[in-house]
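Participant: Everything below, folded, please.
(4 chains)
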Amino acid sequence: MDLTYTKAQIAFRDELRGFLADKLPQALSEKVARGLRLTKSDYETWHAILNARGWLGVTWPREHGGTGWDAVQRHIFEEEVTAAHAPRIVPFGVNMLGPVLMKFGSDAQKALYLPRILNGDDWWCQGYSEPGAGSDLASLRTEAVRDGDHYVVNGQKTWTTLGQYANRIFCLVRTSKEGKPQQGISFLLIDMDTPGVEVRPIVLLDGEAEVNEVWFQDVRVPVENLVGPENAGWTCAKYLLTHERTNIAGIGFARAGLAALKRIASAEMQGGRPLIENPLFAAKVAQVEIDLMAMATTNLRTVAAAAEGQAPGPESSMLKVKGTILRQQINALARQAVGPYAQPFVSEALEAGANLDPVGPDYALPATQAYFNNRKLSIYGGSNEVQRQIISKTILEL
Amino acid sequence: MDLTYTKAQIAFRDELRGFLADKLPQALSEKVARGLRLTKSDYETWHAILNARGWLGVTWPREHGGTGWDAVQRHIFEEEVTAAHAPRIVPFGVNMLGPVLMKFGSDAQKALYLPRILNGDDWWCQGYSEPGAGSDLASLRTEAVRDGDHYVVNGQKTWTTLGQYANRIFCLVRTSKEGKPQQGISFLLIDMDTPGVEVRPIVLLDGEAEVNEVWFQDVRVPVENLVGPENAGWTCAKYLLTHERTNIAGIGFARAGLAALKRIASAEMQGGRPLIENPLFAAKVAQVEIDLMAMATTNLRTVAAAAEGQAPGPESSMLKVKGTILRQQINALARQAVGPYAQPFVSEALEAGANLDPVGPDYALPATQAYFNNRKLSIYGGSNEVQRQIISKTILEL
Amino acid sequence: MEFRLTEERRMLQDSLRRFLAESVTPARIAATTDDAAGHDPDLWRRLTDLGLPGAMVSEARGGFGGDGFDLMVVFEELGRAGLPTPLLDSAVLAGGLLAETGRDDLLARVIEGQVIAFAHAEPGSRYDLSRVATRAQRRADGWHVAGHKAVVHAAPAAEALIVSARTGGAVADEDGLSLFLVPRDAVTMRDYPLQGGGRAAEVHVDATLPADALLMPEGTALAAIERAQARATAAQCAEALGLMEAIKTLTVDYLRTRKQFGQPIGKFQALQHRMADVLIEIEQARSAVINLCGHMDAERPLRERHVSATKNLVGRAARLVVEESIQMHGGIGMTRDYALGHLAKRLTMVDHRFGDADFHLERFVALGAA
Amino acid sequence: MEFRLTEERRMLQDSLRRFLAESVTPARIAATTDDAAGHDPDLWRRLTDLGLPGAMVSEARGGFGGDGFDLMVVFEELGRAGLPTPLLDSAVLAGGLLAETGRDDLLARVIEGQVIAFAHAEPGSRYDLSRVATRAQRRADGWHVAGHKAVVHAAPAAEALIVSARTGGAVADEDGLSLFLVPRDAVTMRDYPLQGGGRAAEVHVDATLPADALLMPEGTALAAIERAQARATAAQCAEALGLMEAIKTLTVDYLRTRKQFGQPIGKFQALQHRMADVLIEIEQARSAVINLCGHMDAERPLRERHVSATKNLVGRAARLVVEESIQMHGGIGMTRDYALGHLAKRLTMVDHRFGDADFHLERFVALGAA
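Facilitator: As a prediction, this is how the structure comes out:
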């Protein structure tokens, strides 16, 4: 047992810190730190900076232009970029589609798409959920019917995050209605410029439109855009889900959230002294901090096991549930800490270019919005109910 | 809307208070207040005192020697006797069997048993649960086979509270295996002196043996001991369950527990001042007090509705769940308040006659035992899981 | 002991519920944040015609209600509808203060539907009633009042404001607070939308006022402010209860109809049991609101004990209801266009006005120890 | 970074687990409360033969372990078995103090299995380490020590006690505490059973001791007591983890086999989801124990931060595990003769020694602010 990093790992961490100090634009990290909305070009700028250093394909092997890092290195990377308030890597191309193509894609698909993901030629989005199929993915109904060299796609996807920026979408579509629901699903790549594709924004509680509906009406997709065999899309989907679980605990986000919470509670005064000195509030903050200290170790135990090649068990589901609950608790405490200035709702003030003075302290609106927005954490990526089901099935074996 | 008692109700309350001040033996109320174990004769003494005043049959109509009180009066009675630390009325005869006999019993049964319940000739216990049938009562297997003028009973009952004091037991027994499980059940009265009846104590976590197993081996029971028609016992059982729900919220117990908790937390010192002044602990105590203030009103709303003749809805399930959780929270806080002296386990010290000095403060052991013992509150009388099921079925109507 | 509503209140409840069900639409709710006044003027006029402001005021002061349970009936219905109105600020809060000053002329205007806002809290005062930095100085020609007031609800719609200011004492002293009637054009505002609908404003006062602008004897306002806020808290908690009931209805409907894995999600026992716990806490919230509304006229210690108990319980119940209802709805619960989103935000904001759950938990302890 | 056990520790774990699984029975556990010593002397001898006391002590002091993870491995197994032994009190607590005094002669006796108890807490001291009223006065012929010590674990089995006493300062001062070696026959005891098995005693001291009874320089003991208690807390939390694992196994088995309404109760989704939450918290407790055991040799602020963090988290997890496992078992979970009862009581008692969850939550705050 040893809780400390090796010398090599510490050297790696220091190299990362140096890189971030040099290359992460200050304007960008300030936006992230203040909880402002990022533009498409913010993300593209950051991707290009990472790619120039060879560090965009964090989970990719070197042969495809990735880092080749092990699980511990990837963990250190996540810790450092989050602590530095770097933007997140947009996951759809790099972390989701990339691994699926490497595993199931044809040589032509790999050669065409993988470089374009890294160099920013393509912005991918994800076409999984449907209005009738949320946690119950297998019941999806978007249909792809073979017609010569094409599939003709009809249907509707929803909760497509950042779909408004994407030029391509990877989709689960139904190519057969025979057998179990899972058996007739295929994994298809679709160019968003194809006639019949329409993106409609979904406005969320916090006023932001980062998720979308994507509609398909008689969209003709070349058959070479099929990944893996027809009707074998479920295999790709499951494989992708395990990759989506990288950094599922969100330790870095939780740490950043906790630090922001402490700053807010130090600035807010209640009864003539900083809120952070109020015994009840201090106890609540300490409680999430203690939970986070333990969860960070739970996470490292999983990372270490993965670095030794162990297959992920129900641990990732445990990390998902506890990690999202913890982040939501931190968000709720921050909202509480803000006090009466949680009420003003000047949504435009979240746009960095808006030149609008915030109402009250500048942390008030982002903290309040984060509370509402992060209710999604326990819903998406496999809801916490689905995760509890996985945990209990694995342990109870019923 | 009016939250206050009428003048008549206040007069009634004052009459009760006078009676309790006069008639409740001080030695008895001290035992109850200190959480010591009561003997059989303690209960019998108190029953006799109440019966002499005509107040033992709290839920009974006057024609059978009961009080004839309405729901509000019964509620006031419960409040006052609990506040005075009177023993509880042993419910099996008075509150459970009595109402069933009045509704379903023959004239002969009523004439024989009802007076004996009030005057203390009989101590009844309840034969419902079986080792294989807890919350799932309908799956019971104790069998009664007709043989001439008798039923021959074989099987086993469990969780029979205070069965060691009883001379009679009312049982649910299976008289038929046809139809739905509920349809073949009968309600039978059994003399515990009959050959083949055996009582075995079950020792609980807290060292107390107040519950028992009752075994029946070829026990011959006269057919006139059947209550209602053969195979109609489920009707009696359901009727009894609604009567068992009287005072289900346990407001009086919760109030007494809260008062005891405050006394303990005032006596215990932490960091040089009374624990009750510790902000975190004070907040936890305040939290249960606030919940209790609301629950008392929820309870009164139900009582008032009952007094107007409305049938109880899912409210009694809500009161059961919230009431037991609240009492268990109070028990847990009291255990916490006790501190290190929660550890000694001198079980004999709970017997009033033991002449054994307590280890540490005299409240330490009773508070700790109450924590363990009252885990039962959310298990028996229809577990909280069963209650939640009832609530959601009633509301969701699925 | 009696938990049924009087005949009059039941009629008011019925007619209000019917009117709101027929009249309130998502578009009209959205209009409350877009309209410069921060509410829907047409709906407000019709609610005034129904007698809502008058129902907040006692007969002795020219209204026809004013009891705690009048507040409960009306605000529970407004909560169900999710409709922002100036009723709480103008009729309960400002109206409550005016009733204590004897200014029945102003109260009559409030009953007619004119809006008077109460500008009291300041940046940094958080939930502390006595923390006022705004100063008023006596001048030869009257008063000079100067200061900044934070998140003043109903201010954008107001024809006048009651402004609290310090005529003596240090910033958090209990003594030394006074109330002034300030015309709308004597202040400057930055107004903005609110989470949960309606608008408020930051109000800057730097005005010279006539001598009769002082509404009650100099330096004595705190007790009156506390009484008015007790009534406003009761109204707000009743509104929260109505919001919970509306969210409950939406969620139960959703659990019954939404299908996943081949059956309504309300068939999943894990959700059933959690929903049962939500229902229990909504019943607790109802009892807490009854407790508070039944003690509006009690002596201060008992009344304020109920203020803090109820605000604490409602704050906790609100969070549970919001978080569980969104979770049970899944993604749709987070969208702006589904009714839940607005109700959930509005319910969440209850904890950010008049003190949050923890503030009142500590206050309950302090009131008990005092 | 490495979360696997060393080969030696894995062997110790395996052999200990096997031995305890074969040897510990309900009757032997019950015997620990009936036996005058408060433990099972035969089992204790065999555990000593396995090297358990020595594994708590560093090589430099004559043992062959003593690292935080040695504590973790051993106490997790003792927890799984639910077996009360004097190991924590004699080898970790008294042993930890002795290791700081250079009294390797006494430490050797502890390693051989003789029991030395540490008598420190007093009636009214609760969890406050510096609150000691027992006084020691220097006499011509040595020391006179007088006072009352509360709930002294392992005292009934002890051949000697280390007694803390005040040689200076007022009752809660940090300075002025000293440690004395007191022979068993120099104290009087009232001994009694404990809630989770084993026995303890109230210890009354009123004894004259030789000069060399003083174990470390006069007045300086608090820091050493805190260090020893940090190690004891790690051991106790590891034991709690083992208890949780044992309860988890029982409960999962019960959920799989117990049938109600025609199916195993583990098929009921409401219970499945709650069990999942229990499992998550047990994993959290394991991580917390790892964190503490990995920081045994850290500087005080960091070490004590982990002491309080881990004790808090383990205390909360323990309560959840106890309450949920009893609830899921129903009535059988409350009976003395089913294995759960003993484990649940023993796990509950963890919160009543070395500070409860709230005590350590506040201490964590205070340590962070300092």
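Participant: Show me how the record splits chain A into domains.
Facilitator: Following automatic domain parsing, one finds the domains of chain A at A:7-89, A:124-232, A:249-396.
Participant: Redo those as CSV? Include mean neighbour count.
Facilitator: Using the backbone N, CA and C atoms, a C-beta is placed for each residue, glycine as well. Output for the domains of chain A, formatted as CSV (neighbours: other C-beta atoms under 10 Å in any protein chain shown):
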stretch, mean neighbour count
domain A:7-89, 17
domain A:124-232, 19
domain A:249-396, 21
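Participant: In the stretch 51-200 of chain C, what residue lies closest to chain B?
Facilitator: Chain B sits closest to residue C:69 of the stretch 51-200 of chain C, with a gap of 4.6 Å, by C-beta to the nearest C-beta.
Participant: and the helix or strand where that residue lies, average pLDDT?
Facilitator: If you go by DSSP states H and E, residue C:69 is part of helix C:68-81. Mean pLDDT, helix C:68-81: 97.
Participant: Checking residue A:215 next. Helix, strand or coil?
Facilitator: strand (DSSP: H, G, I helix; E, B strand; the rest coil).
Participant: And residue C:325, how far from chain A?
Facilitator: 10 Å (C-beta to the nearest C-beta, to the nearest Å).
Participant: just to revisit the earlier point, among the domains of chain A, which is nearest chain D?
Facilitator: domain A:249-396 (3.7 Å).
Participant: Now that closest one: average pLDDT?
Facilitator: If you average the pLDDT values across domain A:249-396, you get 91.
Participant: That domain and chain D in contact?
Facilitator: Yes: under the criterion of C-beta under 8 Å from any C-beta of the partner chain, chain D is reached by domain A:249-396 at A:277, A:279, A:282-283, A:286-287, A:289-291, A:293-298, A:300-301, A:304-305, A:314-315, A:318, A:321-322, A:385, A:387-389, A:391-393, A:395-396.
Participant: so residue C:231 makes contact with residue C:297?
Facilitator: No: Residue C:231 is beyond contact range of residue C:297, at 10.1 Å (criterion: C-beta atoms under 8 Å).
Participant: between these two, which one's more packed in?
Facilitator: Ranked by neighbour count (other C-beta atoms under 10 Å in any protein chain shown), residue C:231 and residue C:297 place residue C:231 first, with 26 against 9.
Participant: Could you look up the SS state of residue 208?
Facilitator: Because you didn't say which chain, this covers chain A. coil.
Participant: You answered for a different chain; I wanted chain C.
Facilitator: Once three-state DSSP is applied, residue C:208 turns out strand.
Participant: Distance check, it against residue A:384.
Facilitator: 59 Å (C-beta to C-beta, to the nearest Å).
Participant: Please apply the same query to residue A:278.
Facilitator: 30 Å.
Participant: Other residues contacting the helix holding residue C:69?
Facilitator: With C-beta atoms under 8 Å, 6 or more residues apart in numbering or on different chains as the test, helix C:68-81 has contacts from B:1, C:5, C:9, C:12-13, C:16-17, C:20-21, C:24, C:52, C:55-56, C:85, C:87-88, C:92, C:231, C:234-236, C:238-246, C:289-290, C:292-297.
Participant: Are any of the residues you listed buried, and if so which?
Facilitator: B:1, C:9, C:12-13, C:16-17, C:20, C:24, C:52, C:55-56, C:85, C:87-88, C:92, C:231, C:234-236, C:238-246, C:289-290, C:292-296 (16 or more other C-beta atoms under 10 Å in any protein chain shown).
Participant: got a pLDDT number for the residue nearest to residue C:100 when sequence neighbours are not counted?
Facilitator: Spatial nearest neighbour of residue C:100, chain neighbours left out: residue C:224 (4.8 Å); criterion: C-beta to C-beta, 6 or more residues apart in numbering or on different chains. Residue C:224 carries a pLDDT value of 97.
Participant: Pull the number of nearby residues for residue C:224.
Facilitator: 19.
Participant: repeat for residue C:95
Facilitator: Burial of residue C:95, expressed as a neighbour count using other C-beta under 10 Å, amounts to 28.
Participant: gap between it and chain A?
Facilitator: Taken as C-beta to the nearest C-beta, the span from residue C:95 to chain A is 22 Å.
Participant: Three-state assignment for the residue in the stretch 1-150 of chain C positioned nearest to chain A, please.
Facilitator: Closest approach between the stretch 1-150 of chain C and chain A, counting by C-beta to the nearest C-beta: residue C:126, at 4.9 Å. Classification of residue C:126 using three-state DSSP returns coil.
Participant: ok, it touching residue A:341?
Facilitator: No: applying C-beta under 8 Å, one finds residue C:126 not in contact with residue A:341, separated by 9.4 Å.
Participant: where along the stretch 101-250 of chain A do the helices fall?
Facilitator: A:107-119, A:233-244 (DSSP state H, counting those that start in this stretch).
Participant: List the buried residues of the first one.
Facilitator: Under the neighbour-count criterion of 16+ other C-beta under 10 Å, helix A:107-119 has A:109, A:113-114, A:117-118 buried.
Participant: which one of those residues sits closest to residue D:195?
Facilitator: residue A:117 (61.1 Å; C-beta to C-beta).
Participant: you'd agree the closest one is up against residue A:100?
Facilitator: No: counting by C-beta under 8 Å, residue A:117 does not reach residue A:100; the two are 11.4 Å apart.
Participant: pLDDT weak spots in chain C?
Facilitator: Regions of chain C meeting the criterion pLDDT under 70 cover residues C:370.
Participant: tell me the domain ranges of it?
Facilitator: Split by automatic domain parsing, chain C gives C:7-114, C:118-217, C:222-369.
Participant: re the thing from before, helix, strand, or coil at the residue nearest to residue C:100?
Facilitator: Taking three-state DSSP, the label given to residue C:224 is helix.
Participant: What's the end-to-end length of stretch A:53-62?
Facilitator: 13 Å (C-alpha to C-alpha, to the nearest Å).
Participant: before we move on, which element is residue C:355 in?
Facilitator: Using DSSP H and E, residue C:355 falls outside every helix and strand.
Participant: swap that for residue C:28, sorry
Facilitator: helix C:26-34.
Participant: other SSEs contacting that helix?
Facilitator: helix C:339-349 (3 or more C-beta pairs under 8 Å, 6 or more residues apart in numbering or on different chains; DSSP states H and E).
Participant: So which of the residues of domain A:249-396 next to chain D are in helices?
Facilitator: Taking DSSP state H as the definition of helices, the residues of domain A:249-396 next to chain D contribute A:279, A:282-283, A:286-287, A:289-291, A:293-298, A:300-301, A:304-305, A:315, A:318, A:321-322, A:385, A:387-389, A:391-393, A:395-396.
Participant: And the strands in the stretch 101-250 of chain C?
Facilitator: C:116-119, C:135-139, C:142-153, C:160-166, C:177-183, C:187-193, C:199-209 (DSSP state E, counting those that start in this stretch).
Participant: What lies in contact with the second one?
Facilitator: Which is strand C:135-139. By C-beta under 8 Å, 6+ apart, strand C:135-139 touches C:143-147, C:165-167, C:178, C:180, C:208.
Participant: For the residue lying closest to residue C:173 once chain neighbours are set aside, list the residues it contacts.
Facilitator: Nearest residue to residue C:173 in three dimensions, chain neighbours excluded: residue C:130, at 6.4 Å (C-beta to C-beta, 6+ apart). Residues in contact with residue C:130 (C-beta under 8 Å, 6+ apart) are C:172-174, C:177, C:222.
Participant: By neighbour count, which of those residues wins?
Facilitator: Among those, the one with the most neighbours (other C-beta under 10 Å) is residue C:177, at 27 neighbours.
Participant: List the contacts of the residue sitting nearest the centre point of chain C.
Facilitator: Nearest to the mean C-alpha position of chain C, counting by C-alpha atoms, centre = their mean, stands residue C:236 at 3.8 Å. Counting by C-beta under 8 Å, 6+ apart, residue C:236 touches C:75, C:88, C:350, C:353-354.
Participant: Which single one of these is nearest to residue B:161?
Facilitator: Among the contacts of residue C:236, and counting by C-beta to C-beta, the member closest to residue B:161 is residue C:350, at 44.5 Å.
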